[in-house]
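1. sequence below, structure please.
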Amino acid sequence: MVKNTGGSRSNKGKNFDDEAGAATKESEARSQSEPILEQSEKSRASSSSGTRRRGADTIEMRVPSTNEAVRRHLLECLRSDQGKFAEVASKNDYYMALARVVRDRLMRRWTSTARTYHENDSRTVAYLSAEYLLGPQLGNNLINLGIYDDARVTLMELGLSLDELMEEEPEPGLGNGGLGRLAACYMDSLATMQIPVIGYGIRYEFGIFSQALKDGWQVEATDKWLKYGNPWELANCDVTFDVYFGGHSRLETDQDGVERIKWIPERVVAGVAYDTPVLGYEVNTANLLRLWKAEAAESFDFQAFNVGDYYRAVDAKIVSENITKVLYPNDEPAAGKQLRLEQQYFLVSCSLQDMIRIYLQKGKPLDKFHEKFAIQLNDTHPALAVPELMRLLVDVHHLDWDTAWNVTTKTMAYTNHTLLPEALETYSLPLLAKLLPRHLEIIYEINRRFLESVQQQFPDDHDLLSRVSLIGEHGDKQVRMANLACVGSHAINGVAELHSELLKETVLSDFYRIFPEKFSNKTNGITPRRFMVLSNPELTSLITRSIGDSWITDLERLKELERFAGDKEFLVKWSSVKRQRKQILAAKIEQLTGVTVDSSSMFDVQTKRIHEYKRQILNVLHILTLYNRIKKGDLSSIVPRTFIFGGKAAPGYRMAKLSIKLITAVADLVNNDPDVSRYIKVVFFPNFNVKNAQLIYPAADLSEQISTAGFEASGTGNMKFALNGALTIGTLDGANIEIRNLVGEENFFTFGLTVAEISKLREEGYRPRGVYESNAELHAVLDLIGSGKLTPNEPSLFHPLLNDLVGGDHFMVLADYEHYIGCQEEVSQLWKNQAKWTLKSLLNVARMGYFSSDRSIQEYCDDIWKVEPVSVKLDIIEPLASGSSLGSLTFAGGSE
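-> Next up is the predicted model:
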């Protein structure tokens with residue numbers, strides 16, 4: 001696989017020769033064989049006979065050399081797609097051309113995959129997610145094609161840098177964080193494992209905001225990821241569906257004398273498919289990610305234009321396109337709540353209509369729809385799929401209610417991602433009645449039948465009916481989306497062992513009582529292809545040279561690294577890899593922030609969404625504790641550390657934004673104090689996203705996973721850090737528990753109250769002020785924050801934060817402070833013994849195999865979806881007859 005000792009990615013002996021013939025012929029077909037550059041034409045004469053291998057299929061044909069074929073294809077794409085010649089092309093032009101070269105290699109796999117699924121009528125997973133945080137695609141596709149290193153060499157020969165071209169790629173910010181990144185990891189695993197799937201989502205024109213810092217405050221800027229176009233997607237205008245909003249329903253009698261409900265909408269929006277291939281790792285499978293864009297059914301009103309009403313002429317276009325304009329609008333105002341509901345319904349309606357279209361191609365009756373599709377609801381955002389599928393089956397395709405309900409419940413499965421009751425979405429009845437009147441009627445009927453069955457099962461528990469009803473009766477009546485998903489699905493799962501148990505004990509306890517057979521755990525996972533092979537090539541190379549490359553698709557094979565635990569030479573190499581990654585990150589930090597950090601210091605990292613329960617504040621209290629100790633000359637527990645923060649705060653979340661301001665104020669205090677900065681520094685890494693995460697995870701020494709126990713559903717950042725050799729300091733929360741159990745508690749720094757201990761403390765009457773008054777170091781730190789020293793121009797700026805801590809401390813920051821500080825002292829002591837630290841780093845990586853998203857997907861396949869892998873055989877290139885034009889190149893079954 002990897003032939004050298006440097007930072008190369010997995011390559012398995014592949015190179016561009018695998019595709020050179022097809023790609024070159026496609027380029028020549030597009031240019032009708034006219035010369036690209038004179039030198040290119042001369043080099044064609046030196047083309048030699050080559051053999052391209054596709055599994056068991058071998059095709060003899062004459063191809064140019066690897067580098068020449070790619071060079072010619074790249075220059076042709078530069079000319080044909082970008083309209084540039086080499087001397088005037090920008091880096092972005094070259095990136096776009098290279099992306100097209102790679103995409104051309106994806107297309108054959110994509111069409112072959114689609115053909116295979118169609119011909120086999122394969123059972124298919126439909127993954128419905130409002131978010132897909134994909135990350136940049138170029139590097140990942142090169143890795144999965146097995147040609148990353150060859151691409152780098154080829155570009156070097158052209159005087160280009162692959163790293164620089166990859167930097168040109170904008171990141172599609174189609175998600176807020178963990179939920180969207182999990183969906184992307186799962187799509188990678190599904191393709192790698194050759195599982196038929198369609199990922200359905202929304203093509204937001206503007207994704208999650210780009211974050212900048214101004215005077216220490218977060219500033220949000222528009223994420224214009226589509227500014228230069230998206231070379232990985234294809235607009236599939238043939239796949240367009242009407243989506244209804246508003247209006248009313250009425251009872252009609254059809255030609256057979258049967259009464260039917262018909263929805264008469266107030267407005268109609270068109271949903272247009274934009275398709276992206278998701279390639280598996282060194283397999284032929286390229287699955288479909290289908291994102292929907294909203295357009296006006298009729299985008300221009302000539303009548304309004306002709307009478308001079310120019311604004312009304314395009315009003316329908318503007319209103320319709322607003323639905324997919326931006327990721328998750330602020331739903332605090334009523335308009336934001338309405339737009340969010342419109343987005344969620346738009347997603348499920350387009351997706352379900354598309355699934356039914358695909359299903360009916362085989363002419364089968366819809367009462368077997370659940371045998372073809374397994375729909376996974378990624379949290380409550382797609383919960384309207386339940387009443388929408390019922391509407392389509394009953395109102396449009398005329399199934400009777402009981403049959404339709406049987407199909408719906410056997411098709412749907414629901415993943416819950418939160419333990420926070422306030423995060424379980426609800427929508428007011430007036431809003432549902434206004435936007436989706438027919439769905440509200442269907443929800444009422446589902447609820448009536450459900451409550452009747454619950455009453456029969458639990459005749460003496462009248463309060464139970466109120467708690468599990470799909471309609472919340474307290475205050476303003478609301479439709480409870482989590483309840484709807486639970487009732488309409490045959491399977492319900494949490495995403496970590498603790499989370500799944502707490503679901504059964506707390507927010508979904510009543511549904512567990514009614515439907516115990518529905519519940520299971522499916523601990524989250526991450527893809528090692530992106531978060532090791534792509535982002536940490538040095539560690540990938542070291543591991544592969546030592547145990548082979550099978551770990552990339554069988555992560556449990558990392559256990560074989562344990563045999564090197566006593567190998568001092570290997571541990572030196574392990575430490576050297578970490579040092580290289582830290583140097584790379586240190587250079588990036590200086591470039592972005594102007595702060596120079598010592599790459600030999602401990603990189604203590606907390607990068608995740610900014611939220612009170614994730615407790616960035618607790619980390620800050622530790623930093624200020626060290627600051628005070630250093631100023632006093634108490635250096636006994638001090639080791640050189642660089643504290644690295646990163647993450648975005650929701651635009652309307654004031655306490656989270658205030659937390660960022662506190663971090664940056666502490667950074668200014670620490671970094672500008674020569675007595676302190678020689679020991680510790682603090683950095684806030686701006687605009688944390690997938691691209692930046694790929695730099696940060698491999699460089700971390702210590703991973704801060706310090707959320708309040710019982711609040712984090714799972715977390716996947718904890719897995720990414722540990723997989724790249726960071727040690728974890730963490731609470732017994734989310735997947736931390738499983739990581740600790742598997743890597744060994746001796747290789748995990750554990751602190752903090754447990755869920756049970758927090759519950760007991762609350763019952764006994766927790767007094768955070770008493771903690772503040774009894775702990776001298778904590779008292780001094782909080783007083784420092786409140787003194788105004790951090791923000792002299794606004795001395796009371798952080799008082800709201802302090803009042804929350806001392807007055808209530810809902811997230812147990814003060815309660816866990818003393819234990820956290822003590823645990824951090826253990827971290828410092830271990831850091832002083834670098835040999836032991838490196839050994840524990842190795843053991844963490846060796847024992848992280850369970851947390852592959854491949855394992856997670858296998859559990860979904862076995863327990864919930866009941867779906868099997870389908871092997872894809874590439875369409876065979878038909879041999880060219882003597883004297884044939886290259887422009888006539890076709891594949892078996894049609895033109896590619």
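
2. how about the nearest residue to the residue most central in space within the chain, chain neighbours excluded?
-> By C-alpha atoms, centre = their mean, the mean C-alpha position of the chain lies nearest to Arg181, the distance being 1.1 Å. In space, and not counting its chain neighbours, Arg181 is closest to Leu133: 4.3 Å by C-beta to C-beta, 6 or more residues apart in numbering. Any C-beta I mention is one placed from the backbone N, CA and C, and that applies to glycine too.

3. check contacts around that neighbour.
-> Gly173, Leu174, Gly175, Asn176, Gly177, Gly180, Arg181, Ala183, Ala184, Asn689, Val690 (C-beta atoms under 8 Å, 6 or more residues apart in numbering).

4. hmm, back to that, separation between the residue nearest to the centre of the chain and Lys657?
-> Distance of Arg181 to Lys657, given as C-beta to C-beta, to the nearest Å: 22 Å.

5. over to Ser601?
-> Distance, Ser601 to Lys657, by C-beta to C-beta: 28 Å.

6. ok, now Leu128?
-> Applying C-beta to C-beta to Leu128 and Lys657 gives a distance of 31 Å.

7. the two: which is more packed in?
-> For the pair Leu128 and Lys657, the greater number of neighbours falls to Leu128 (26 against 19), based on other C-beta atoms under 10 Å.

8. torsion angles phi and psi at the residue found closest to the more buried one once you drop the neighbours it is linked to in the chain?
-> Of all residues not flanking Leu128 in the chain, Pro382 sits nearest, at 3.9 Å (C-beta to C-beta, 6+ apart). For Pro382, the backbone dihedrals (degrees, to the nearest 10) come out as phi -90, psi 20.

9. number of nearby residues for Pro382?
-> By the criterion of other C-beta under 10 Å, Pro382 has 29 neighbours.

10. please enumerate the strands of the stretch 51-200 of the chain.
-> Under the criterion DSSP state E, counting those that start in this stretch, the stretch 51-200 of the chain contains strands at 57-63, 124-128, 197-202.

11. worst average pLDDT in the ones you listed?
-> When those are ranked by mean pLDDT, strand 57-63 comes last with a mean of 38.

12. in terms of secondary structure, what does the longest helix along the chain contact?
-> Counting by DSSP state H, the longest helix found in the chain is helix 91-120. Applying 3 or more C-beta pairs under 8 Å, 6 or more residues apart in numbering; DSSP states H and E, one finds that helix 91-120 contacts helix 17-31, helix 66-82, helix 138-145, helix 148-157, helix 162-167, strand 267-279, strand 286-296.

13. format those as TSV; extra columns: distance to Pro329.
-> Listed next are the helices and strands packed on helix 91-120 as TSV, based on distance: least, C-beta to C-beta, whole Å:
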stretch	distance to Pro329
helix 17-31	41
helix 66-82	34
helix 138-145	29
helix 148-157	38
helix 162-167	30
strand 267-279	16
strand 286-296	13
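
14. ends of stretch 384-396, what's the gap?
-> Distance across stretch 384-396, first residue to last, is 17 Å (C-alpha to C-alpha, to the nearest Å).

15. that older thread, if I look at the residue nearest to Leu128, how far off is Tyr345?
-> 9 Å.

16. and what of Ser466?
-> Plainly put, Ser466 is 27 Å away from Tyr345 if you go by C-beta to C-beta.

17. what of Val479?
-> Distance of Val479 to Tyr345, computed by C-beta to C-beta: 12 Å.

18. these two: which has the busier surroundings?
-> Neighbour count, other C-beta under 10 Å: between Val479 and Tyr345, Val479 has more, with 27 against 24.

19. mind listing what the more buried one touches?
-> Val479 makes contacts with Thr426, Tyr427, Ser428, Leu429, Leu432, Leu440, Ile443, Leu470, Ile471, Gly472, as judged by C-beta under 8 Å, 6+ apart.

20. go again with 6 Å.
-> With contact taken as C-beta atoms under 6 Å, 6 or more residues apart in numbering, Val479 is in contact with Tyr427, Leu432.
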